[in-house]
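Q: Everything below, folded, please.
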Amino acid sequence: MDGHLLRPDRIDRHVRINLGGLHLHQSPSLRSWRKRGAFNNAIGRSRGGQTTKIHALTDDIGRPLAFLITPGNTHDLVGARDLIGMIRNPRRLLADRAYDAKSLRDELAARRIKAVIPPNPTRKHPHRYDKTAYKGRNVIERMFCRLKDFRRIATRYDKRADIFLSAILLAAAVSWWAN
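A: Numbers count the residues shown, from 1 in each chain. Predicted coordinates:
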């Protein structure tokens, strides 16, 4: 057997390998230590494409107290439970119909927080809520509009979740410092 056939400098460089239309180094590395997947970056697939949800708690006049980002395909209750644990117990929590769940209401009642959440229209037995207090929910919508005045927040230029969250915090500080 000839030893020179196995030497790397003698490999025929004109041999073509069919990889289904891919070049040899076109795909990412398949090593196990590489982080893969968009879930670590709080990017989730939904109907509109890849999205991220920003969850926020504000005070009575709309100043942000806490932020959390989740992938767009996670339920809103996941973010609500994590946000409630970030601050001291408020007197009440105003939220839209997406947060209407018995488990969240029970958790809020255990912490002595009044839930001001309108019932989901598909509920068989709708619960009562304070409609005049719910009118104050526009404060958080205005806070989100102020945040999305920053193009970096509205379009999410950052891939990593920690950098995107820091951009949100910086935009919130700038928007409230200017007022």
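Q: what about residue 41, how many neighbours?
A: Residue 41 has 19 neighbouring residues, counting by other Cβ atoms under 10 Å. Glycine gets a C-beta too; all of them are placed from N, C-alpha and C.
Q: Can you check what pLDDT the model gives the residue nearest to it when sequence neighbours are not counted?
A: The shortest distance from residue 41 to any non-neighbouring residue, by Cβ to Cβ, 6 or more residues apart in numbering, is to residue 161 (4.9 Å). Here, the pLDDT recorded for residue 161 equals 85.
Q: I'd like to know how many residues surround residue 161.
A: Neighbours of residue 161 (other Cβ under 10 Å): 19.
Q: ranges for the helices of this structure?
A: 76-84, 102-110, 131-134, 138-147, 151-155, 161-177 (DSSP state H).
Q: Against residue 122, how distant is the spatially closest residue to residue 82 that is not a sequence neighbour?
A: Take residue 82 and drop its neighbours on the chain: the residue closest to it by Cβ to Cβ, 6+ apart is residue 68, 5.5 Å away. For residue 68, the distance to residue 122 equals 27 Å [Cβ to Cβ, to the nearest Å].
Q: what's next to the longest strand along the chain, contact-wise?
A: Ranked by residue count and defined by DSSP state E, the top strand of the chain is strand 49-58. Defining contact as Cβ atoms under 8 Å, 6 or more residues apart in numbering, one finds that strand 49-58 is touched by 38, 42-45, 64-74, 76, 79-80, 82-84, 86-87, 90, 139-140, 143-144, 147, 153, 156, 161, 164, 168.
Q: So between residue 68 and residue 122, which is more surrounded?
A: residue 68 (19 against 8).
Q: Show me what the more buried one bridges to in the sheet.
A: Bridge pairing for residue 68 (DSSP bridges) gives the partners residue 55.
Q: From residue 56, how far out is it?
A: 8 Å.
Q: Kindly report the same for residue 116.
A: As judged by Cβ to Cβ, residue 116 and residue 56 stand 16 Å apart.
Q: ok, now which ones touch the most centrally placed residue in the chain?
A: The centroid of the chain falls nearest to residue 70 when counting by Cα atoms, centre = their mean (2.2 Å). Applying Cβ under 8 Å, 6+ apart to residue 70 gives the contacts 42, 44, 52-53, 55, 78-79.
Q: where does it land on pLDDT?
A: 88.
Q: Distance of it relative to residue 123?
A: From residue 70 to residue 123 the distance is 24 Å (Cβ to Cβ).
Q: Noted, bye for now.
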